[in-house]
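In: generate a structure from the sequence data that follows.
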Amino acid sequence: MKRREFIGVIGGAVTWPFAARAQQPPLQVVGFLGSASFESTALVISDFRSGLAAEGFVEGKNVTIEFRFADGKYGLLPALAADLVRRQVRVVATGGGSPASSAIHAATKTIPIVSLIGGNAVKMGLAETLSHPGGNVTGVEMLLNDAEIKRLEIMNEIVPAAELVAYIQNPNTRPADGAAAEQTAALESAARRLGKKLLVLNAANDSELDQAFATIDRENPGGLIVGADGFFFMRVNRIVEQAAARRIPAIYFLREYVRAGGLVSYGTRLGDAMKQVGIYAGKILKGAKASDLPIVQLSEKIELLVNLKTARALGISVPTSLLLRADEVIE
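Out: Numbers count the residues shown, from 1 in each chain. Below you'll find the model as predicted:
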């Protein structure tokens with residue numbers, strides 16, 4: 001073989017793989033809009049990635065994820081949503097409940113959306129029905145807000161003698177269905193049926209959270225319910241520590257609080273919900289329509305956790321009937 005021919009063969013062998021790589025399809029782009037921060041949701045983001053992987057999509061291999069987080073400042077969500085729309089992502093997933101869901105739905109009626117929804121998707125105008133959403137939104141209803149009355153009832157089992165129970169809510173969480181005020185009114189009505197008064201406290205930032213606990217110091221309620229909200233999830237350790245410092249029994253909406261030393265939680269698993277969001281996002285990348293994917297309700301997966309170590313520190317005897325119903329007891 002002549003020297004020139006040999007170089008040509010070698011050159012062709014070297015350049016062929018690069019040409020083949022150049023012909024590979026570009027990565028599909030998934031948007032992710034979160035109400036809280038990346039740091040507070042890092043563990044459940046891994047569940048989201050796991051859901052995508054179950055449908056054959058691996059970040060960096062055949063899909064890339066554009067993350068946008070509001071860090072608990074819900075006023076930033078519309079601009080973050082608009083930014084993802086300009087990015088022309090193939091599908092947008094949301095985390096952090098109703099604020100993120102409403103913001104991205106207001107920003108686009110064409111890009112498919114897979115939402116983690118804290119309220120009622122139909123009442124919020126996100127879907128026509130749960131079984132046939134009809135528009136560009138599908139996802140998972142965690143029903144966290146709907147469980148608040150049940151949390152009040154559990155608190156009544158733990159401290160039946162308490163006449164005043166505090167309820168911390170984020171006033172900036174305003175679903176399109178107007179459920180915030182309705183939910184608070186229903187909770188107050190339930191408290192009256194149990195012979196209790198509800199002390200409603202608003203907190204949308206750290207300063208207001210401190211003020212809420214200062215009010216708890218003054219009013220001395222016998223129990224505390226922490227409302228389901230992304231901002232509060234960003235402050236898991238802070239809220240648990242504040243409750244412990246005041247020796248006030250508290251019930252939370254996610255298991256992560258009990259893992260951090262909180263007394264009781266009653267709610268669905270956030271990780272399960274985020275994995276389902278990832279699965280649905282993957283199905284849409286493969287050609288499914290959001291309008292045809294039924295909205296999943298996780299009501300059948302609501303779990304009760306009790307931290308007996310915390311109960312002992314508070315000097316509380318948790319009823320045996322409650323312990324027998326618990327899905328997990330931390331000793």
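
In: report the contact partners of the closest residue to residue 204 other than its chain neighbours.
Out: Of all residues not flanking residue 204 in the chain, residue 172 sits nearest, at 4.6 Å (C-beta to C-beta, 6 or more residues apart in numbering). For the C-beta atoms, the positions are set from N, CA and C on the backbone; glycine is no exception. Contact analysis of residue 172 by C-beta atoms under 8 Å, 6 or more residues apart in numbering lists 74-75, 99, 204, 231.

In: check the most centrally placed residue in the chain and give its pLDDT.
Out: Nearest residue to the geometric centre of the chain (C-alpha atoms, centre = their mean): residue 96, 3.9 Å. Here the pLDDT value assigned to residue 96 is 81.

In: can you tell me the closest non-neighbouring residue to it?
Out: Nearest residue to residue 96 in three dimensions, chain neighbours excluded: residue 35, at 2.6 Å (C-beta to C-beta, 6+ apart).

In: residue 318 versus that neighbour, what's the distance?
Out: 32 Å (C-beta to C-beta, to the nearest Å).

In: who has more neighbours out of those two?
Out: The neighbour count for residue 35 versus residue 318, taken as other C-beta atoms under 10 Å, is higher for residue 35 (33 against 21).

In: what about the helices in the chain?
Out: Ranges of helices in the chain, per DSSP state H, are 3-22, 38-54, 77-86, 98-107, 148-158, 179-193, 206-219, 230-234, 236-245, 255-259, 270-285, 308-314, 320-325.

In: redo those helices as TSV? Include mean neighbour count and distance to residue 115.
Out: Conversion of the helices of the chain to TSV gives the following (neighbours: other C-beta atoms under 10 Å; distance: least, C-beta to C-beta, whole Å):
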stretch	mean neighbour count	distance to residue 115
helix 3-22	9	36
helix 38-54	18	12
helix 77-86	18	12
helix 98-107	26	4
helix 148-158	20	20
helix 179-193	16	15
helix 206-219	14	26
helix 230-234	25	13
helix 236-245	18	22
helix 255-259	22	21
helix 270-285	23	7
helix 308-314	16	33
helix 320-325	11	30
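
In: now those helices in JSON lines, with distance to residue 70?
Out: JSON lines is the format used below for the helices of the chain (distance: least, C-beta to C-beta, whole Å):
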{"stretch": "helix 3-22", "distance to residue 70": "37"}
{"stretch": "helix 38-54", "distance to residue 70": "11"}
{"stretch": "helix 77-86", "distance to residue 70": "5"}
{"stretch": "helix 98-107", "distance to residue 70": "7"}
{"stretch": "helix 148-158", "distance to residue 70": "23"}
{"stretch": "helix 179-193", "distance to residue 70": "18"}
{"stretch": "helix 206-219", "distance to residue 70": "15"}
{"stretch": "helix 230-234", "distance to residue 70": "8"}
{"stretch": "helix 236-245", "distance to residue 70": "17"}
{"stretch": "helix 255-259", "distance to residue 70": "19"}
{"stretch": "helix 270-285", "distance to residue 70": "17"}
{"stretch": "helix 308-314", "distance to residue 70": "31"}
{"stretch": "helix 320-325", "distance to residue 70": "36"}
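
In: what about the spatially closest residue to residue 158 that is not a sequence neighbour, how many residues nearby?
Out: In this structure, residue 158 finds its nearest non-sequential neighbour in residue 249, 5.5 Å apart by C-beta to C-beta, 6+ apart. Residues near residue 249, counting by other C-beta under 10 Å, number 23.

In: just for the stretch 151-300 of the chain, where's the confidence low?
Out: Scanning the stretch 151-300 of the chain with the threshold set as pLDDT under 70 gives 174-180, 299-300.
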